[in-house]
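Undergrad: sequence and predicted structure, then a few things I'm wondering about:
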Amino acid sequence: MKFREVNHAKCKTYLALSERARAAALIDPMRDRIERYLALLAYFGCRLEMIIDTHTHADHRSGAIELGELTGAPVVMHRRAPAPHVSRHVDDGDVLNVGEIALRVLYTPGHTPDSISLYAGDRVFTGDVLLIHGTGRCDFAGGDAGSGYDSITRKLFTLPDDTLVFPAHDYRGHTQSTIGEEKHSNPRIAGRTREQYVELMNNLGLPLPDGIQEALQPNQTEIDASALNFPTLSQLNQVRQLDPGEVLAKLNAPSAPLILDVREEEEFRGELGHIPGATRIALRDLPERAGALDAFRDREIVVVCRVGVRSTTAAAILTGLGFDRVCNLKGGMIDWNDARLSVEH
Ligand SMILES: [Fe+2]
């Protein structure tokens, strides 16, 4: 078996190869390097069996979906990944097999709510949760410094000290580290309490990544920025968020809101189901089909999707189109199902 970092750049993509099975997995492929990955797979004579994104990236376009379409390989992400068309959703403890290589999924939220690490015995691919002598920022895209601290200290730092650490980014020319080294000398987290870490991470004052909306929105929604006028971050932040209990209370009240589900047809009918009585208009069709909602201009609208990310975009678009009573189901159908509320399939 072989593991290679194949970008030689600040954004890291790892190729995991089983020569014996002539099979490979790609971790965090970039959209503008797809041809390079296909050439490498041909060079090694390996079939691409799996594409894994460790999380929804905000600083570059993911190549996962396009590479999946080209090769037929399934795209694997955590169950809280917002994008449609992920072929396999995983959770903590799942094992992904590529030939004799076993990648154990560790759920390590913090940088984003859908962040996973992949543990392969002698090494761990940490995404952007734990970097070499750093940690991934937690100040946008649903990040949370406290859960980042827990992921690093309670999951990653319990791996053997000599485990090699391979992150999804490095800005200073490092290529690998070990769990032991990060435990003892990572300047962000070593020796800090949870409170101290949260305080530090919430006050980094970093500028947002260049072109964040141009990368993040298509990675979250699979819709190209040229096809849809995406709301700004401040418009997104203004969307009113309701948890499942609050939405249920509204549905049981005399003037129940319209439930607008913006997922794709196969998700609406899929394992998570949909809220009984929901109307479906996929996010990609919303600008041109919003006229169908004119009868509901005076009524409240609750927008719903898988985890509440696409629906927040939809809610902001509707607000911009003059619908004044729009809110969002926070956590989407994942949290709705986790709360064991009723669904239709
Ligand atoms: Fe990231």
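TA: The structure has been received and is ready for your questions. Residues are numbered from 1 along each chain as shown.

Undergrad: for the spatially most central residue of the chain, which non-adjacent residue is spatially closest?
TA: Centroid-nearest residue in the chain: Thr56, 3.2 Å away (criterion: Cα atoms, centre = their mean). Leaving aside its chain neighbours, Thr56 sits nearest to Asn219 (5.2 Å; criterion: Cβ to Cβ, 6 or more residues apart in numbering). C-beta coordinates here come from the backbone N, C-alpha and C atoms, glycine included.

Undergrad: contacting residues around the residue nearest to the centre of the chain?
TA: Listed by Cβ atoms under 8 Å, 6 or more residues apart in numbering, the contact partners of Thr56 are Ser62, Met77, Ala81, Pro82, Ala83, Thr112, Asp114, Ala141, Leu216, Asn219, Gln220.

Undergrad: pLDDT of stretch 22-41, averaged?
TA: In this model, stretch 22-41 has an average pLDDT of 97.

Undergrad: can you give me the buried ones in that stretch?
TA: Burial within stretch 22-41, assessed by neighbour count using 16 or more other Cβ atoms under 10 Å, is assigned to 23-31, 33-34, 37, 40-41.

Undergrad: next: stretch 96-107.
TA: Those would be Leu96, Val98, Gly99, Ile101, Leu103, Arg104, Val105, Leu106, Tyr107, for stretch 96-107 by 16+ other Cβ under 10 Å.

Undergrad: pick out the most distant pair among these.
TA: The distance between the two most remote of the buried residues of stretch 96-107 (Cβ to Cβ) is 24.3 Å, for Gly99 and Tyr107.

Undergrad: where does pLDDT dip in this protein?
TA: Scanning the chain for pLDDT under 70 picks out nothing.

Undergrad: hang on, the earlier thing: list the contacts for the residue nearest to Thr56?
TA: So Asn219 contacts Thr56, His57, Ala58, Arg61, Ser62, Ala83 (Cβ under 8 Å, 6+ apart).

Undergrad: so what's the backbone phi/psi at the nearest residue to the second one once chain neighbours are set aside?
TA: Excluding its sequence neighbours, the residue lying closest to His57 (Cβ to Cβ, 6+ apart) is Asn219, at 5.5 Å. Summarising the backbone geometry of Asn219 under the convention degrees, to the nearest 10, its torsions are phi -70, psi -30.
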